[in-house]
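J.: Any chance you can model this:
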Amino acid sequence: MTNKSDSPTTTRRGIYLLPNLLTTAGLFSGFFAVVSSMNGNFEAAAVAIFVAMIFDGLDGRVARMTNTQSEFGAEYDSMADIVSFGVAPALVTYNFALNSLGKFGWLASFIFVACAALRLARFNTQIGVADGRYFQGLASPAAAAVIAATVWTAVGFEIDGHDYGVYLAIITVITGLLMVSNFRYSSFKEIEWRGKVPFVAVLVIVLVFTFVAARPAEVLLAVFGLYALSGPIITIKTVKKLKLEHVVGDDTETDADFNDKDKKD
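T.: Sure thing, here's the model as predicted:
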């Protein structure tokens, strides 16, 4: 009699541990950021969002390196991103500055969360279709980094967020809208990380790490702030004539415009 467990058609069920463990660590960091902001520890909350970014960058790479990609992992990663890069930064900035603005404050935070969810949903539907050299709209981790670095910098300078609540609300809304825009952002996927670089490049990297270690909040705010501004600049320089579709809306026509421009260049 044949044992059913020995049948070649038996499928082993389960999930891959390592990449999902990293995703869970990122999810935990995002949740920790929310709890820390509720307790008034905004510096720890901001740092936790950046820690979540590190885990978010690792889980996908580890999955590809170990050949442990799965549909479950992809879905779990998206759910974790909603918390770490949507809900967490929105609630951190709300607790830090926006809760004194009444409805305008929580609506600004909600806009950020909604835009992060829309950004992730659009990204998931474009996998394998969109131009890999660019992101369509500001990536949610980068948007979260702008908010986290802004709060972290304000805490470092002992600024009371409620005194500048309106400005932080505007930054929150604009950053959220950049996520659902059609602006092109470099994905840096065309960089050959395994290639050789000049000695000067290594020296520059060392100096960058030194500056980050010395003034992490300010340096990260400058880096991600400039990256957030780079999308409109790249888009305006790439298209022949800027249209509404290049900013927001259906991107079918914008893809053709970008491709035509790229071919000519």
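
J.: now the strands for the chain?
T.: For the chain, applying DSSP state E gives strands covering 134-136, 184-186.

J.: highest average neighbour count across the ones you listed?
T.: strand 134-136 (a mean of 22; mean count of other C-beta atoms under 10 Å). (Glycine included, C-beta is placed from N, CA and C.)

J.: Contacts for that one next, please.
T.: 122-123, 126, 130, 182-187, 234, 251 (C-beta atoms under 8 Å, 6 or more residues apart in numbering).

J.: for stretch 106-116, same thing?
T.: With C-beta under 8 Å, 6+ apart as the contact definition, stretch 106-116 has outside contacts at 81-82, 85-87, 89-91, 93-94, 98-99, 101, 140, 143-144, 147, 169-170, 172-173, 175-177, 179-180.

J.: can you do 6 Å?
T.: 85-87, 90, 94, 98, 140, 169, 172-173, 176, 179-180 (C-beta atoms under 6 Å, 6 or more residues apart in numbering).

J.: Touching, G156 and A217? I think so.
T.: Yes: counting by C-beta atoms under 6 Å, A217 is a contact partner of G156 at 5.1 Å.

J.: Pick out whichever of those two has more residues nearby.
T.: A217 (22 against 15; other C-beta atoms under 10 Å).

J.: who's in contact with the more buried one?
T.: 149, 152-153, 156.

J.: Same list, those, but as a markdown table with distance to V62 and pLDDT please.
T.: Compiled in a markdown table, the contacts of A217 are given as follows (distance: C-beta to C-beta, whole Å; pLDDT from 0 to 100):
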| residue | distance to V62 | pLDDT |
| --- | --- | --- |
| A149 | 26 | 97 |
| W152 | 27 | 97 |
| T153 | 31 | 97 |
| G156 | 33 | 95 |
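
J.: Among the residues you listed, which lie within helices?
T.: Per DSSP state H, helices hold the following members of these: 149, 152-153, 156.

J.: So what's the predicted local confidence for the residue minimising distance to the centre of the chain?
T.: Most central in the chain under C-alpha atoms, centre = their mean is P141, positioned 1.4 Å from the mean C-alpha point. Note on P141: pLDDT of 96.
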